[in-house]
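# quick one, structure for this:
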Amino acid sequence: MKLTFNPQKLTISDRLKKRIETKFETGLGKYLKHYQEDLKLASLAIEKVSRSGYEIKFDMNLPACPIHIKDNHKVLLDGIIRVRNKANRQVRKNIGKLRDR
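Numbering: from 1, shown residues only. Below you'll find the predicted structure:
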C-alpha cells in the first residue's frame, strides 16, 4: 500500500512516517491483498489545529469502495489509529457488500 503524506502546519519525521505506514499496512493490508498494487493508493492529510490537537483526513479510492475519513484528536498517533480502525470497518463492510452481489 502506497501512503502519501500531506502535513499542514507541522513537519513529520521519517521515523514517524514509517511507523504510520506500518500501522496502516498491518491494519488494511490483509483486506487489500486481492487488489493490484497500483490501486492501493491512499493519502493522509494531517493538520495541526490550535486547540483541538490534530485533524486527520484519510482518502483512498478503491474500485466500488471509496473511503473518506476525517477525525480530530489531541494525540496524533491515537488519532491515526482511530482513523485506521474506521478505514478497516469501511473496507470490510464494502468487501462484504461486493461478495453478496
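
# give me the neighbour count for residue 66.
Neighbour count for residue 66, taken as other Cβ atoms under 10 Å: 11. From N, CA and C alone the C-beta is placed, and that goes for glycine too.

# actually, residue 21.
15.

# for it, which non-adjacent residue is closest in space?
residue 3 (5.3 Å; Cβ to Cβ, 6 or more residues apart in numbering).

# that neighbour: which element?
strand 2-8 (DSSP states H and E).

# tell me what that strand is packed against?
helix 14-28, strand 41-49 (3 or more Cβ pairs under 8 Å, 6 or more residues apart in numbering; DSSP states H and E).

# ok, 6 Å please
strand 41-49 (3 or more Cβ pairs under 6 Å, 6 or more residues apart in numbering; DSSP states H and E).

# buried sites along the strand it packs on?
Within strand 41-49, the residues scored as buried using 16 or more other Cβ atoms under 10 Å are 42, 44, 46.

# can you check stretch 6-26 too?
16, 20, 23-24.

# gap between residue 23 and residue 97?
25 Å (Cβ to Cβ, to the nearest Å).

# please apply the same query to residue 34.
15 Å.

# angle of the host helix or strand of residue 88 against helix 14-28?
Secondary structure from DSSP H and E places residue 88 in helix 76-100. Orientation of helix 76-100 against helix 14-28 (axes from the mean of the first three to the mean of the last three Cα atoms, to 10 degrees) gives an angle of 30 degrees.

# who touches helix 76-100?
For helix 76-100, the surrounding residues in contact (Cβ atoms under 6 Å, 6 or more residues apart in numbering) are 20, 23-24, 27, 31, 54, 56, 58, 65, 67, 69, 71, 73.

# mean confidence for it?
Averaged across helix 76-100, the pLDDT comes to 88.

# buried residues in the helix or strand bottoming out on mean pLDDT in the chain?
Least confident helix or strand of the chain, by mean pLDDT, DSSP states H and E, is helix 76-100 with a mean of 88. Along helix 76-100, these residues count as buried under the neighbour rule (16+ other Cβ under 10 Å): 76, 79-84, 87-88, 90-91, 94-95.
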